[in-house]
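Peer 1: Got a predicted structure here, sequence first:
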Amino acid sequence: SGVGFNKKVVFTSGSRTLSVASAEMYEAPKLALGRRVGESGDEYLLLINGTNFGSGDYTASGQLQHANCTTVKWTSDSGVTCQVSAPSHDTIPWYNDTCPGGYVRNDWNISITVGEQESNTSTVYACLQCEANVVCSGNIKEACPANSTAPKGSGSFADCICLAGYSGPNGGPCEPCEAGTYKGTNGSDECSLCSAG
């Protein structure tokens, strides 16, 4: 299998030479799935698995949903690598189908072009950092308990702390301060008695 190559055939008869150029083409590359396999600084190395990538070394191009591959390199008939800079720390390629705490699955689309052969569109495992006031763990996103708040990228309910005017443990429940008491900051502190007068 392979994505194609050019060849030149030369015929010689006496003093005359005739050359014919032709192209041998194969099926287009077929992508299966991509995943992160390494990183260097702000660059991530992705391995794209599939078929029909050819039997020789070459450099191709890759189109991603969020950022194009800076380089695409052949590794085997069943894989190529893609070097990519993530657009921000809010979205990152990942090693498998389970995102780290504080992130939720948000896969990227990818296609590869080798010469004039364009692959199908497939996906690369990717993770999106969760917004504030939610908890993301095991690819599940849930809201913090009522009357609590959490920073962006929270991966545990312990990150949800009670708002000012409410008291309770981190992770809730957060109950309103009773009459005659107050709490002026976010956190797990108890409500304090109001000053007399």
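Peer 2: In hand now; what should we look at?

Peer 1: quick one: average pLDDT of stretch 67-76?
Peer 2: Mean pLDDT, stretch 67-76: 88.

Peer 1: Straight-line length of it, end to end?
Peer 2: One end of stretch 67-76 to the other measures 24 Å (Cα to Cα, to the nearest Å).

Peer 1: Just the buried residues of that stretch, please?
Peer 2: 67, 69, 72, 74 (16 or more other Cβ atoms under 10 Å). Glycine gets a C-beta too; all of them are placed from N, C-alpha and C.

Peer 1: And for stretch 177-191?
Peer 2: Of all the residues in stretch 177-191, those buried under the rule 16+ other Cβ under 10 Å are 177, 183, 191.

Peer 1: swap in stretch 139-149?
Peer 2: Quick answer for stretch 139-149 (16+ other Cβ under 10 Å): 144, 145, 147, 148, 149.

Peer 1: Export those residues to JSON lines and append columns for distance to residue 41 and pLDDT.
Peer 2: What follows is the buried residues of stretch 139-149, written out as JSON lines (distance: Cβ to Cβ, whole Å; pLDDT from 0 to 100):
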{"residue": "144", "distance to residue 41": "34", "pLDDT": "97"}
{"residue": "145", "distance to residue 41": "38", "pLDDT": "97"}
{"residue": "147", "distance to residue 41": "41", "pLDDT": "98"}
{"residue": "148", "distance to residue 41": "36", "pLDDT": "98"}
{"residue": "149", "distance to residue 41": "33", "pLDDT": "98"}
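
Peer 1: returning to that earlier point: list just the nearest of the buried residues of stretch 67-76 to residue 165.
Peer 2: Closest approach between the buried residues of stretch 67-76 and residue 165, by Cβ to Cβ: residue 67, at 43.3 Å.

Peer 1: That closest one contacts residue 83, correct?
Peer 2: No - counting by Cβ atoms under 8 Å, residue 67 does not reach residue 83; the two are 10.4 Å apart.

Peer 1: Secondary structure and distance to residue 57 added to the buried residues of stretch 177-191, as CSV?
Peer 2: Output for the buried residues of stretch 177-191, formatted as CSV (DSSP: H, G, I helix; E, B strand; the rest coil; distance: Cβ to Cβ, whole Å):
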residue, secondary structure, distance to residue 57
177, coil, 69
183, coil, 65
191, coil, 69
